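**Q** A predicted structure for the sequence below; I have some questions about it.
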Amino acid sequence: MRPSRYSLATTPLKDPWEKREAWRYTGQFSRYNRLKGMFPGFGVGATAFVLYCMYEQLVGTPGH
């Protein structure tokens, strides 16, 4: 059975290259934290865009 990436980061390793790669799978660099921080303002921007579109539909004057 092959060890998971997380276990590679928590156990002492003998291979120097594995030791240097272990930081990628712990703490702020874990897969979950990288995905969580990918779009920090996406929710605020999407909400502002929806509110703007609603305002244009309700209050905006027909143009052209």
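**A** All right, it came through fine.
**Q** contacts, neighbours, all on C-alpha from now
**A** Fine.
**Q** and the longest helix for the protein?
**A** Ranked by residue count under DSSP state H, the longest helix found in the chain is helix 42-58.
**Q** Please save the CA atoms from it in CSV.
**A** Below are the C-alpha coordinates for helix 42-58, written out as CSV (Å, rounded to 0.1, in the frame of the first residue of the first chain):
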residue,chain,number,x,y,z
PHE,A,42,-15.7,36.2,-5.9
GLY,A,43,-18.8,36.2,-3.6
VAL,A,44,-18.8,40.0,-3.1
GLY,A,45,-18.3,40.6,-6.8
ALA,A,46,-21.1,38.2,-7.8
THR,A,47,-23.5,39.7,-5.3
ALA,A,48,-22.7,43.3,-6.5
PHE,A,49,-23.2,42.2,-10.1
VAL,A,50,-26.6,40.6,-9.4
LEU,A,51,-27.7,43.7,-7.5
TYR,A,52,-26.6,45.9,-10.3
CYS,A,53,-28.5,43.8,-12.9
MET,A,54,-31.6,43.9,-10.7
TYR,A,55,-31.3,47.7,-10.4
GLU,A,56,-31.0,48.1,-14.1
GLN,A,57,-34.1,45.9,-14.7
LEU,A,58,-36.3,47.6,-12.1
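**Q** In that helix, which residues are buried?
**A** Of the residues in helix 42-58, none is buried by neighbour count under the rule 16 or more other Cα atoms under 10 Å.
**Q** Would you mind measuring from residue 38 to residue 19?
**A** According to Cα to Cα, to the nearest Å, residue 38 stands 26 Å off from residue 19.
**Q** what about those two, which has more around it?
**A** Ranked by neighbour count (other Cα atoms under 10 Å), residue 38 and residue 19 place residue 19 first, with 14 against 9.
**Q** Can you name the element that comes right after the helix or strand where the more buried one lies?
**A** Residue 19 belongs to helix 16-21 when elements are defined using DSSP states H and E. As assigned by DSSP H and E, the chain's next helix or strand after helix 16-21 is helix 31-36.
**Q** on contacts alone, who are the packing partners of that following helix?
**A** Contacts defined by 3 or more Cα pairs under 8 Å, 6 or more residues apart in numbering; DSSP states H and E place helix 31-36 against no helix or strand at all.
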